[in-house]
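Colleague: fold the stuff below for me.
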Amino acid sequence: MPNYNGVWSLTTQLQYASDWSADNISPATAIANGIAIISNASGLQTVSVATAGNSTDFGDFTDQRGKGGGFGSTTRGIVGGGNGGPVNVIDFITFTSAGDATDFGNLTVAREEVTAHSSSTRGLVAGGDTGSVSDVVDYVTIASAGNATDFGNLAAANTSPSGAGSSVRMVVGGGIESSATNRIQYFTISSTGNSTDFGDLSGTRQQGDALSNATRTVFTGGYNSNVLEFVTTDTTGNVTDFGDLSETTRRLASTSNATRGIMAGGDGTNLRSKIEFITIASAGNAASFGNLLANTDSCNSGFSSAHGGLQ
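Modeller: The predicted model follows:
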């Protein structure tokens, strides 16, 4: 931070505030551009959604793991659950301050292969693998560290689903129930209760991901899939085709800002370091964005400071 002295006029204070933000990433920039965090068993890395390029190191979990569920507000990012047990751990980071994660609390049930989404105040973690398939949905209040509370249940026990949405709804698609499913269901974030039917994916899908802006939720990839397809989040109905990833990819991490979605890592023909992007309002195939620090699997937790639940 610059070392300024003396009595400041209001104009000077505003100028100095602008200078301070240049030392780090200002909250306004974080909201507009989207600081994206990609989490996997190797830790946390970051890119700006608005600016194509390679990722950089952000920090580490309190205990290294992949296959958790990521969400957040404009200031704080959170990851719940993951492999290595599975675990019930919830960690958080502050988007504008790179560094290791801090303990937030615990899920009601330890599990991995979950999905997650949030509004600016409340985050939901849904489904997963406890050693058997789970229908549990938990929630936390993002600004207040503490243990999760029961929210409700999925339509059926489900592991490896994909979730994203708006500030009003979390939309969950696909996953493995008794077998891979094409079901799409949704929750109203501000209330509690069980899921409501939304529609269907174009086919059964598992181990994919999802991203969103304020109006569209885009489902990305999955086991034996390179498909991108979308729904209008605050209606109901079946998906519409959006385009394709460059290759079949599962266990990727997807997140967004208001205009652009990114899809990172995962298991394609081989483990991937590739990051791709789409323009959410314009259907089309994914294009090259950059690369992660290394090839990585178990990367299905992407979250940003500007995702669809914050717009």
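
Colleague: mind listing the helices for the protein?
Modeller: 10-23, 27-29 (DSSP state H).

Colleague: what average pLDDT does stretch 90-110 get?
Modeller: Averaged across stretch 90-110, pLDDT comes to 97.

Colleague: what is the end-to-end distance of it?
Modeller: 10 Å (C-alpha to C-alpha, to the nearest Å).

Colleague: of all the residues in it, which ones are buried?
Modeller: Going by neighbour count (16 or more other C-beta atoms under 10 Å), the buried part of stretch 90-110 is 90-93, 95-96, 98, 101, 104-110. Heads up, the C-betas are built off the backbone N, CA and C, glycines and all.

Colleague: and for stretch 48-55?
Modeller: Buried residues in stretch 48-55, counting neighbours by 16+ other C-beta under 10 Å, are found at Ser48, Val49, Ala50, Ser55.

Colleague: mean pLDDT lowest for which of the helices of the chain?
Modeller: Among the helices of the chain, helix 10-23 scores lowest, with a mean of 38.

Colleague: related to what we said a few turns ago, what's the closest of the buried residues of stretch 90-110 to Ala28?
Modeller: Closest approach between the buried residues of stretch 90-110 and Ala28, by C-beta to C-beta: Thr96, at 10.4 Å.

Colleague: quick one: that closest one and Arg76, what's the gap?
Modeller: Using C-beta to C-beta, to the nearest Å, Thr96 is found at 10 Å from Arg76.

Colleague: isn't Gly265 right up against Lys274?
Modeller: Yes. Between Gly265 and Lys274 there is a contact at 7.4 Å, judged by C-beta atoms under 8 Å.

Colleague: neighbour-wise, which of those two wins?
Modeller: Higher neighbour count among Gly265 and Lys274: Gly265, with 32 against 21, using other C-beta atoms under 10 Å.

Colleague: what residues are up against the more buried one?
Modeller: Listed by C-beta atoms under 8 Å, 6 or more residues apart in numbering, the contact set of Gly265 reads 38, 40, 251-253, 271-275, 292, 295-297, 299.

Colleague: how close does it sit to Asp129?
Modeller: Gly265 is 20 Å from Asp129, where distance means C-beta to C-beta.

Colleague: so how far is stretch 244-261 off the chain centroid?
Modeller: 11 Å (C-alpha atoms, centre = their mean, to the nearest Å).

Colleague: quick one: mean pLDDT for that stretch?
Modeller: Stretch 244-261 comes out at a mean pLDDT of 96.

Colleague: can you pull the buried residues of it?
Modeller: For stretch 244-261, the neighbour count (16+ other C-beta under 10 Å) marks 244-245, 248-261 as buried.

Colleague: which of these lies closest to His117?
Modeller: Using C-beta to C-beta, Thr255 is the member of those that lies nearest His117, at 10.5 Å.
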